[in-house]
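J.: Sequence and predicted structure are below.
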Amino acid sequence: MTDVVATNETILVVGGGVSGMTTALEAAEAGKQVILIEKRSYVGGRITQLYKYFPKLCFPTCGLEINQRRTKMNPNITVLTMAEVSSLSGDEGNYTATVKISPRYVNANCTACGACGDAVETEFDDEHNYGLSKHKGAYLPHRMSYPERYVIDPAMIGTADAEKAKEACKYGAIDLDMQEETVELKVGAVVYATGWRPYDANKIQPYGYDRYKNVITSVEFERMNDPMGPTGGKILRPSDGKEAKDVAFIQCAGSRDRNHLKHCSRICCMASLKQTTYVSDANAKSTIYYIDIRAIDRFEDFYRKVQNDENVSFIKSKVANITEDTDGNPVLHGVDTEGYNRYDTSHELVVLAIGMEPSLDVSALPEGISVNEHGYIENDGSNGGIFAAGCSSDALDVNRAVQSATACALKAIQVVNRVARSEG
Amino acid sequence: MADELLMGAYICKGCGIGDRLDCSQLESTATRDGKAKYAKSHDFLCSAEGVAMIQADIDAGETNHVIIGACSRRAKVEAFGFKDVSVARANLREGVIWVRPDNDEANETTQEMADDYMRMACAESKFQKVPQRSGEQELNKNILVVGGGITGMTAAIEAADAGYPAVLVEKSAQLGGVMGQLHRRIATKMPYTDPEDTTVADLIAKIEAASNITVHLNSTVTKTAGAPGRFDVDISTESGATTNVSIGAIVQASGMKQFDANKLTEFAYDKSDNVITQLELEALAKEANGGPIKRKDGKEVQSVVFVQCAGQRSEKEGHLSYCSGFCCAASIKQAMYFKDSNPGVDTVIMYDDLRTPGAGGEDFYRSGQKKGIIFTKSSVSTIEASGNELSVNFMDKILNEEQSMPADLVVLATGQEPNSGPNPYALDEAKKAAEDAGEEMPTEVAVSVDSILNLSYRQGTDLPHLKHGFTDSHFICFPYETRRTGIYSAGPVRRPMDSQQAAIDATGAAMKAIQEVENAAKGAAAHPRSGDLSFPTFRDEGCTQCKRCTVECPFGAIDEDEKGYPKYNESRCRRCGTCMGACPVRVISFENYSVDSVGQQIKNVDMPDEFDEKPRILVLACENDAYPALDMAAQNKLEYSAFTRVVPIRCLGSVNTIWLTDALNSGYDGIILMGCQKGDDYQCHFVKGSEIAHMRMSKIADTLKTLNLEEERVATYEVAITDVERTAQLINDMAETIEKIGMSPFKF
Amino acid sequence: MSDINNQMVDKYRNNFLKEVEANVEEGDWVKMCMQCGVCSGSCPMGPYWDHPPQELFMMIRAGKREEVLSSSSMWMCTSCYNCIARCPRELPITHIMHGLAHYAKRLGIAPKEQPTLKFSQKFWDNLMVNGRVNELKLGIALYFIDGFAQGVKNALAAAGLGLGMYKAKRLNPFEILGGHSIKDKSGFQAMIKKAQEIEEARISGNAK
């Protein structure tokens, strides 16, 4: 049974990615009680699936290590993983959140020794690698996972392998009978930091993501370039496993488009520029097909660096459609709008700079919360003690998401401080 | 009782430790060599039972210095988080059994490795005290906000709303800043179609209504002394009248100024009244107040051209190389001023990339197009002015031809520059740049701006600049980390941004200021060693006033007193230990991290004699990136030399050369220092620590020569947290090097 | 006709975009284009256009009246709607193309030898006679559109096709004598005449 202490001076943070962790930490380090709810079995969210950040080309795990350390050392934060808020009701200073906790089948005794993982054989799709690889049925999601505790894939429950895992554990950490739990929490303020998910590329019919193996999304490409990812850091064509020496990036795939997402997803220009550095490191060539390059404010320096890279060319054109030649090379058709030049260019690999959709479950929000047409919660002061941080509020990059999350921590603190004043 | 040293050692046999190691031998190593009072083993130390056992011993007064030989100090932190006692961790799992092969041949050296780590943990424990708060600060909830524009006003309001009184200082006669000069602002919420109220009047009203915000107009900060929790600030008016306030933390929101358009001679700004900046257009729009906008000579504007990126995104001398982030949307807004009053006015925006990102950005762009604003991807080469006629010459990039367009008015989107105070490191940086370029060293740097904070810090009056004159720290994950603890910059002085982001930034900075106020009262450090109560003390008797600590502190935490001794300020300190590493006479130490707490670890390693063919490699690994990388190497079952002894340190900057000298004198054959990336894209969590260490280590070659040792014995590397394979490789490389050059002659 | 052209030039001097917005079907959408080029890339007739739709929109904004209206590009549009389906800004490109073509013809400055233009005129003239298309006469008109000699060649080349159609009862040689007509032909023609008057008035009204 999960025992959580929560009062209406507690702040509930929904979502444990970089935004949620930041809101939780900043508030906790100012002395407030915080409960951090995370759907996955580990915190960190989507940044753990990035290889490098733009523009410094530094590693997300660096900041994550510090944040995880701060979390471990702070008794004011309670982290609940495998947890989702299934409903929320109430008013500022007085909310009730119903939290559904899915079973991990591994309890607090786990020392992450790895014996269960060694003992089992069945494998399942690894979501951490966007399904591009598999993990064992008893696994640690990534090397730096926090909580540092193994997970049993629910699909393995009831099989012989599950029993093997249980037997291998010397510490009684595997509980195959663990059940789903529901916990009700009383809290004073709520910060949504549920982040984003990539737009479904299958819906962009002309680009053939569903038909051509060598058309992939930017998030999949990112995993491919991570030495800890599914291809060991090599840029390999899904069709034949050969190294791709000529990569095309299609910007605004699914964004700025009334057929898909009307908004601009902000990060994709910089993400593609960053990914061209991966391609250059592999001595391969990149071509970016764009409408506007949004390397905004100080990112301009990075854009200039990439423009100076001889391996990268830029074509101002939204690709009209993609076909495939007999070698499995995607062929891009379109018009270069600077001057008027038609092209039918084949590339070895095509990366769709896929748009960003908010991951908000609107049905679990209380009535009256203003969610705008693009799916984001607007922090316009009309949502009482509910605030949106990071990509729940706008299409943001990590730096701005953290900025937004820090601000939300203060907004939440204002609410609980009012509660404290009225009760003290 | 609290002072008595009662070391209790606990060894966990779980996770294979008990299978691979002789734990009873580890116990005797702890008591006999480590001088622990007693040593116990347990099958599953992190279990509730195991933890209870240790807690019972603590409660019974058996131990107040707990030594745990088990997994890495990064694992099971909550389980082993015993309060009010010191806890030392010997890394027997990730540090020993996971990096060594499980076979008979390796057993002996594996056991020796584990024994050494137990000795090291005991030695460390002996020199660790539970840190007590400094007591230098009490709770001081006052937040000083410097700058009364939208950023400053928002910071003051948000802080005050949370119960922290704000003191708002504004240089001019009224609040509002640049925002106050605008007619309207860019759309900030659904449906993102029209310019909105600037909110300045609203904010001013809120400030006036708030009982806990004090406003000082026509004023500047003329002195900031002290430290977070006890800032002693003078606020003076132009006439010299001074108010003194006691402040907990500071938000600097000194805002932006426009780039000087006079530099754009090709755009005829200086020649024609009809070529204006965005701010000048705002003035005209305010005057028109919804009616037709007239230019200076009174003519109603019938055609206006907006030139984007004027003097920005350019490598030309005197131009700004960055993008200001707001001007595309601002020009659309301004074009809307014309269209909303008279759709018949021709408005053309000439841009290179149209930057309207985010959820609402595209909506605003579409709305502009709907209103009839024309967008053309062109690059403007010159603007000719003859009399009242203007002609804009540009290269149309879509139609690929040179063109010319007449206009009644041209608005240059010149972007923003930060109102930062003078950079305290300007001279250092100029010297370094001169050195790199092989030029003559400058002896001084011209200071062209007034100080904003007037800090009485030894290291300078204002916040350091990093890129392009902005004060941002450049940590992607930690945007508010400044190099002057307790002083947070916000808004366009920190980085280029639009007003909506500035308001969010202000709220974030206010959050950090409030957090610092609470932590300063407790004597707790800010990020990255959040919550750390330990702080360095200085033994003046031994101090030679060399000033290395005061100069090298990345955060300017140390001033000098009248006699020249370091005057330390606890709440300005981030606990990195760079001062400790700098001190040549070793008078600086923390209660739980000192020259001894590390030095004794090094010295208590059992040193085999030269005939045993068992070298010793010391690895000083920064706890932020290098140590986690080594842990992960172990998780991946990578192997490295059995002769390695890893000591985690707070920052490479805290490495005192005495540790290296002692290690070499004791017979270590190789020393590796692993720290975070330095330089322009630095990752070092203490900004300068890694860089300073590399600089110090570059001088170590001389020391080695005098000791008649090979240079290769000491290596310093920049390591990233993902260098999992590389860190193991670097250790193995050192082992190979030692095999080549032979063992250290300093062994007995 | 060229009278109207001169009037438009005078009225919309230097502002071709405004002229297009006022006179071309869906012309007020031209300003919404963000120059992404998807339409140009999607058009199956693309390689045959001098200026693809996206470039035409830019040219309109840049005031290139002569080049746009006398271009044969928009006449290439086959109404496949590929562009409209993909346009991220939701421009009704197909309709704008037809609108531009129609407007150019109205002003009398569309390229005279443009085959689609000529055929469209033939189609219209044919239709106006009886209110029903006389397929035989239209076919013959199409064959002879480039002159008598070419017409004979075209007709001979299509002889097999013609015979096949006749056998399948898709071609009635007796149409040459007049073909079918709708009921109330005079009413129809009066209606068309009235519509033309209204349209002329609208356009010349716009020209003032």
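T.: Nice, thanks for sending it over. Numbers count the residues shown, from 1 in each chain, chains lettered A, B, ... in the order given.
J.: element containing the closest residue to A:Val335 other than its chain neighbours?
T.: Using CB to CB, 6 or more residues apart in numbering or on different chains and skipping the chain neighbours, the partner closest in space to A:Val335 is C:Ser40 (3.7 Å). All C-beta spots, glycine's among them, are computed from the backbone N, C-alpha and C. Using DSSP states H and E, C:Ser40 sits within helix C:38-42.
J.: just checking, what packs against the helix or strand following that helix?
T.: As assigned by DSSP H and E, the chain's next helix or strand after helix C:38-42 is helix C:53-61. Applying 3 or more CB pairs under 8 Å, 6 or more residues apart in numbering or on different chains; DSSP states H and E, one finds that helix C:53-61 makes contact with strand B:374-386, helix C:16-23, helix C:38-42, helix C:65-69, helix C:93-107.
J.: nearest to B:Val598, of those?
T.: Closest approach to B:Val598 among the helices and strands packed on helix C:53-61 is made by strand B:374-386 (58.5 Å; CB to CB).
J.: can that closest one be found next to chain C?
T.: Yes: Strand B:374-386 reaches chain C (CB under 8 Å from any CB of the partner chain) through B:374-377.
J.: so whichever helix or strand comes after that strand versus strand B:374-386, what angle?
T.: Sequence order places strand B:389-396 as the next helix or strand after strand B:374-386, per DSSP H and E. Between strand B:389-396 and strand B:374-386, the angle comes out at 130 degrees (axes from the mean of the first three to the mean of the last three CA atoms, to 10 degrees).
J.: Give me the contact status of strand B:389-396 with chain C.
T.: Yes: residues of strand B:389-396 contacting chain C under CB under 8 Å from any CB: B:Asp396.
J.: List the buried residues in that strand.
T.: B:390-392, B:394, B:396 (16 or more other CB atoms under 10 Å in any protein chain shown).
J.: same check, this time on stretch A:299-318
T.: A:299-303, A:306, A:311-312, A:314-318.
J.: quick one, what contacts the residue lying closest to B:Gln459 once chain neighbours are set aside?
T.: In space, and not counting its chain neighbours, B:Gln459 is closest to B:Gly556: 3.6 Å by CB to CB, 6+ apart. When contacts are counted by CB atoms under 8 Å, 6 or more residues apart in numbering or on different chains, B:Gly556 touches B:424, B:455, B:457-460, B:483-484, B:572.
J.: can you map out the helices along the stretch 301-424 of chain A?
T.: Using DSSP state H, counting those that start in this stretch, the helices of the stretch 301-424 of chain A run over A:398-423.
J.: Identify the residue of chain C closest to chain A, quick one.
T.: Here the residue of chain C nearest chain A is C:Gly41; by CB to the nearest CB that distance is 2.8 Å.
J.: Poorly predicted segments of chain A, please.
T.: Across chain A, the ranges flagged by pLDDT under 70 are A:1, A:424.
J.: for chain C, same thing?
T.: For chain C, counting by pLDDT under 70, the residues that fall below are C:1-2.
J.: Let's see that with 90 instead.
T.: Across chain C, the ranges flagged by pLDDT under 90 are C:1-15, C:45-49, C:106-107, C:112-116, C:120, C:129-130, C:133-166, C:169-181, C:185, C:199-208.
J.: how about the strands of it, start to end?
T.: Assigned by DSSP state E, chain C shows no strands.
J.: rewinding a little: tabulate the helices and strands packed on helix C:53-61 in TSV, adding columns for mean neighbour count.
T.: Shown next, in TSV, are the helices and strands packed on helix C:53-61 (neighbours: other CB atoms under 10 Å in any protein chain shown):
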stretch	mean neighbour count
strand B:374-386	19
helix C:16-23	21
helix C:38-42	29
helix C:65-69	20
helix C:93-107	23
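J.: closest to B:Phe80 out of those?
T.: That would be helix C:38-42 among the helices and strands packed on helix C:53-61, by CB to CB, at 59.5 Å.
J.: counting contacts, what elements does that closest one pack onto?
T.: strand A:330-336, helix C:53-61, helix C:82-86.
J.: who wins for proximity to B:Phe338 among the ones you listed?
T.: Short answer: helix C:53-61, nearest of the helices and strands packed on helix C:38-42 by CB to CB, at 16.7 Å.
J.: Need the contact partners of stretch B:681-693.
T.: Contacts of stretch B:681-693 (CB under 8 Å, 6+ apart): A:56-58, A:62, A:66, B:473-475, B:483, B:528, B:552, B:554-555, B:574, B:576, B:578, B:581-582, B:622, B:624-625, B:651-655, B:673, B:675-679, B:716, B:718, B:720.
J.: The buried residues of stretch A:299-318: which two are farthest apart?
T.: Farthest pair in the buried residues of stretch A:299-318 (CB to CB) is A:Asp301 and A:Lys318. Separation: 26.1 Å.
J.: Now do the helices in the stretch 101-250 of chain B.
T.: Under DSSP H, counting those that start in this stretch, the stretch 101-250 of chain B gives helices at B:104-126, B:150-161, B:177-180, B:200-209.
J.: want to try TSV for those, with mean neighbour count and mean pLDDT as columns?
T.: Compiled in TSV, the helices of the stretch 101-250 of chain B are given as follows (neighbours: other CB atoms under 10 Å in any protein chain shown; pLDDT from 0 to 100):
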stretch	mean neighbour count	mean pLDDT
helix B:104-126	21	96
helix B:150-161	30	98
helix B:177-180	22	95
helix B:200-209	15	97
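J.: Can you add distance to chain A and give the ones you listed back as CSV?
T.: CSV is the format used below for the helices of the stretch 101-250 of chain B (distance: least, CB to the nearest CB, whole Å):
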stretch, distance to chain A
helix B:104-126, 17
helix B:150-161, 5
helix B:177-180, 16
helix B:200-209, 11
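J.: Out of these, which gets nearest to B:Leu281?
T.: Here helix B:177-180 is closest among these (CB to CB), at 13.3 Å.
J.: and that closest one, C-alpha only, in CSV?
T.: What follows is helix B:177-180, C-alpha atoms only, in CSV (Å, rounded to 0.1, in the frame of the first residue of the first chain):
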residue,chain,number,x,y,z
GLY,B,177,10.5,50.5,-18.8
VAL,B,178,10.5,49.8,-22.5
MET,B,179,7.1,48.2,-22.2
GLY,B,180,5.7,51.5,-21.0
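J.: Within range of chain A, give me the residues from the stretch 201-350 of chain B.
T.: Counting by CB under 8 Å from any CB, the stretch 201-350 of chain B sits next to chain A at B:313, B:315, B:321-325.
J.: In the residues you listed, find the pair that's most separated.
T.: Within those, B:Glu315 and B:Gly325 form the most distant pair, 18.6 Å apart (CB to CB).
J.: higher neighbour count, those two?
T.: Using other CB atoms under 10 Å in any protein chain shown as the criterion, B:Glu315 and B:Gly325 rank with B:Gly325 on top: 24 against 7.
J.: name the element the residue in the stretch 501-650 of chain B that chain C sits nearest to belongs to?
T.: Across the stretch 501-650 of chain B, no residue is closer to chain C than B:Gln501, which sits at 23.8 Å (CB to the nearest CB). If you go by DSSP H and E, B:Gln501 is part of helix B:499-522.
J.: and that helix, which residues are buried?
T.: Neighbour counts over helix B:499-522 (16+ other CB under 10 Å) mark B:499-522 as buried.
J.: now do stretch A:376-395
T.: Per 16+ other CB under 10 Å, stretch A:376-395 contains these buried residues: A:376-379, A:383-395.
J.: anything in that stretch near chain B?
T.: Yes: using CB under 8 Å from any CB, we find that stretch A:376-395 touches chain B at A:376, A:378, A:380, A:394-395.
J.: which residues touch the residue lying closest to B:Glu4 once chain neighbours are set aside?
T.: For B:Glu4, ignoring the flanking residues on the chain, the nearest one in space by CB to CB, 6+ apart is B:Asn64 at 7.4 Å. Contact analysis of B:Asn64 by CB under 8 Å, 6+ apart lists B:2, B:4-6, B:58, B:84-86, B:130.
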